[in-house]
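K.L.:
got a structure for you, letters missing:
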């Protein structure tokens, strides 16, 4: 394990601090960077994420994907957690905290918007960052690709009706451009580049290994750059509304660890190997925040409580997911 991976949590903490400081020091720069977007997809962040996951796509042995169907348990677990459990537990926690536990701390109108933002996060399983978490836990890259692809297909048909059901509205307008562009940018294009690269290098297995060794640091650099950008974009919000962010973060963090625990428990009962169980747990706990933010803005407005809740989801995800990666790696090492 290299210095990047060994001290990744330290680099993340430094990048979070750096992002906030830079965002406060040069807000106009981050406003300009934030404006470089299409269909609510920030192109700068997309490039950083692309740098992250491209080496992981090269690592995938595409000829082995056909064997994934021989072990469907991991796919079944992913579908059950992401579409039959996670959205409803997120809605339940939102109701519990903002209608009961935090009822005296926030006004009723804001509470309902925070709940709505949480629901939108819960109905949007992660697409891109999962490849990072999977690699950090030594997950099966072939299986992870199929798990993500299955989620993306289901999301096209299930996102709107489940969101409408839990939000209690009937006119959910899914930003199809955001959904399609995000999937193309974060999955299809890196996958296509990975296929081409691996084909060109396939004549010499050492060439593939050497290329991956060279590209590996760039994957971590892409992650760190993404963290700096995300926290830089929201620096003013973090400083201006710390109490509100904390109130929203508490149920989001409980949801993340709770879903992780449920998924891992089921994975053990299903006797899934670590390289399939770990990505399944992490897919179930992370979120497709670009889609959630875009829908929150279109439904409730840019400065709404719902949009703020989805942004808080972005802020807590990376540190929390890194802690879950550490837990999974600790469990694996204890079993060896």
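P.N.:
Sure thing, it's come through. Bear in mind the structure is a predicted one, so any value in this text is a computation, not a measurement. Numbers count the residues shown, from 1 in each chain.
K.L.:
would you map the helices across the stretch 151-300 of the chain?
P.N.:
176-183, 189-201, 205-233, 235-240, 242-269, 274-285, 289-300 (DSSP state H, counting those that start in this stretch).
K.L.:
nearest to residue 89, of these?
P.N.:
In terms of Cβ to Cβ, the element of the helices of the stretch 151-300 of the chain nearest to residue 89 is helix 242-269, at 6.3 Å. The way it works is simple: take the backbone N, C-alpha and C, and place the C-beta from them, glycine included.
K.L.:
what residues sit buried inside that closest one?
P.N.:
244-245, 247-249, 251-253, 255-256, 258-260, 262-264, 266-267 (16 or more other Cβ atoms under 10 Å).
K.L.:
returning to what we had before: among the helices of the stretch 151-300 of the chain, which comes closest to residue 60?
P.N.:
helix 189-201 (6.1 Å).
K.L.:
output the contacting helices and strands for that closest one.
P.N.:
Here helix 189-201 touches helix 43-59, helix 205-233, going by 3 or more Cβ pairs under 8 Å, 6 or more residues apart in numbering; DSSP states H and E.
K.L.:
go again with 10 Å.
P.N.:
Helix 189-201 is packed against helix 43-59, helix 141-167, helix 205-233, with contacts defined by 3 or more Cβ pairs under 10 Å, 6 or more residues apart in numbering; DSSP states H and E.
K.L.:
I'd like these as a markdown table, with mean neighbour count appended.
P.N.:
Formatted as a markdown table, the helices and strands packed on helix 189-201 follow (neighbours: other Cβ atoms under 10 Å):
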| stretch | mean neighbour count |
| --- | --- |
| helix 43-59 | 21 |
| helix 141-167 | 19 |
| helix 205-233 | 18 |
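K.L.:
can you list the helices of the stretch 151-300 of the chain in TSV and add distance to residue 73 and mean pLDDT?
P.N.:
TSV is the format used below for those (distance: least, Cβ to Cβ, whole Å; pLDDT from 0 to 100):
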stretch	distance to residue 73	mean pLDDT
helix 176-183	25	72
helix 189-201	24	83
helix 205-233	28	80
helix 235-240	41	83
helix 242-269	9	94
helix 274-285	8	90
helix 289-300	27	75
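K.L.:
can you tell me which of those helices is nearest to residue 75?
P.N.:
helix 274-285 (8.6 Å).
K.L.:
so which of the helices and strands packed on helix 189-201 is nearest residue 294?
P.N.:
helix 141-167 (11.3 Å).
K.L.:
what's the mean pLDDT across that closest one?
P.N.:
Taken as a whole, helix 141-167 has a mean pLDDT of 83.
K.L.:
which one of the helices and strands packed on helix 189-201 lies nearest to residue 118?
P.N.:
Closest among those, using Cβ to Cβ: helix 141-167, at 9.7 Å.
K.L.:
re earlier: between the helices and strands packed on helix 189-201, which one is nearest to residue 272?
P.N.:
Among the helices and strands packed on helix 189-201, helix 141-167 sits nearest to residue 272 (Cβ to Cβ), with 10.0 Å.
K.L.:
any idea how far that closest one is from the middle of the chain?
P.N.:
How far helix 141-167 lies from its chain's middle: 13 Å, per Cα atoms, centre = their mean, to the nearest Å.
K.L.:
now stretch 258-271
P.N.:
Its chain's average C-alpha position is 19 Å from that of stretch 258-271, according to Cα atoms, centre = their mean.
K.L.:
what does that stretch rub up against?
P.N.:
Contact partners of stretch 258-271, identified using Cβ atoms under 10 Å, 6 or more residues apart in numbering, comprise 73-74, 76-78, 80-82, 85-86, 89-90, 93, 122, 251, 272-274, 276-278, 280-286, 320-321, 323-324, 327-328, 331.
K.L.:
and the helix of greatest length in the chain, what's buried?
P.N.:
Longest helix in the chain by number of residues (criterion: DSSP state H): helix 305-335. Across helix 305-335, burial judged by 16+ other Cβ under 10 Å covers 305-318, 320-322, 324-325, 327-329.
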